[in-house]
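Colleague: Kindly return the folded structure for what I paste below:
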Amino acid sequence: MPTDNINEIEECTDNLFDHTFEQSINELIYSIALEEKAIAHLICAEAEKVKAALKIPNITIKELLCINNSVESTLESITRLESFLLAKLKATLIDKTDC
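Modeller: Take a look at the predicted model:
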């Protein structure tokens with residue numbers, strides 16, 4: 001029912017304002033940590049992709065280059081994400097009392 005959804009939204013937004021500043025900072029840092037963990041898994045998966053490709057009998061140079069390009073593209077995306085996460089972390093850890 002539509003009213004149930006509205007009640008859920010109201011409960012959710014009510015909980016948003018129950019957090020202290022420190023709790024919000026902790027949640028931001030935790031979210032960064034979760035993203036870093038996911039990135040670590042992605043990097044491991046890319047390494048496994050390369051290892052698996054090298055075990056394929058009669059794999060061609062062209063096929064290896066395609067796999068390499070895929071891995072390179074993924075790592076470039078991860079590098080951009082890491083830059084964003086670093087900026088997010090720096091913004092989170094700025095001592096607001098010095099402003």
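
Colleague: This protein: helices as residue ranges?
Modeller: Counting by DSSP state H, the chain has helices at residues 2-16, 21-54, 61-93.

Colleague: can you put these in a markdown table and add mean neighbour count?
Modeller: (C-beta placed from N, C-alpha, C; glycine too.) Formatted as a markdown table, the helices of the chain follow (neighbours: other CB atoms under 10 Å):
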| stretch | mean neighbour count |
| --- | --- |
| helix 2-16 | 9 |
| helix 21-54 | 12 |
| helix 61-93 | 12 |
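
Colleague: As TSV, these with mean pLDDT would be great.
Modeller: Formatted as TSV, the helices of the chain follow (pLDDT from 0 to 100):
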stretch	mean pLDDT
helix 2-16	63
helix 21-54	95
helix 61-93	96
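
Colleague: who's in contact with the residue nearest the centre of the chain?
Modeller: Nearest residue to the geometric centre of the chain (CA atoms, centre = their mean): residue 35, 3.1 Å. Taking CB atoms under 8 Å, 6 or more residues apart in numbering, we find residue 35 in contact with 81, 85.

Colleague: now it: how far from residue 57?
Modeller: 38 Å (CB to CB, to the nearest Å).

Colleague: mind listing what residue 70 touches?
Modeller: residue 49.

Colleague: what's the residue of the chain positioned farthest from its centre sitting at in phi/psi?
Modeller: Seen from the C-alpha centroid of the chain, the residue lying at the greatest distance (CA atoms, centre = their mean) is residue 58, 35.9 Å away. Reported as degrees, to the nearest 10, the phi and psi values for residue 58 are phi 60, psi 30.

Colleague: From residue 44, how far out is it?
Modeller: On the measure of CB to CB, residue 58 and residue 44 end up 26 Å apart.

Colleague: do the same with residue 86
Modeller: From residue 86 to residue 44 the distance is 21 Å (CB to CB).

Colleague: again with residue 81
Modeller: According to CB to CB, residue 81 stands 16 Å off from residue 44.

Colleague: Please apply the same query to residue 84.
Modeller: 21 Å.
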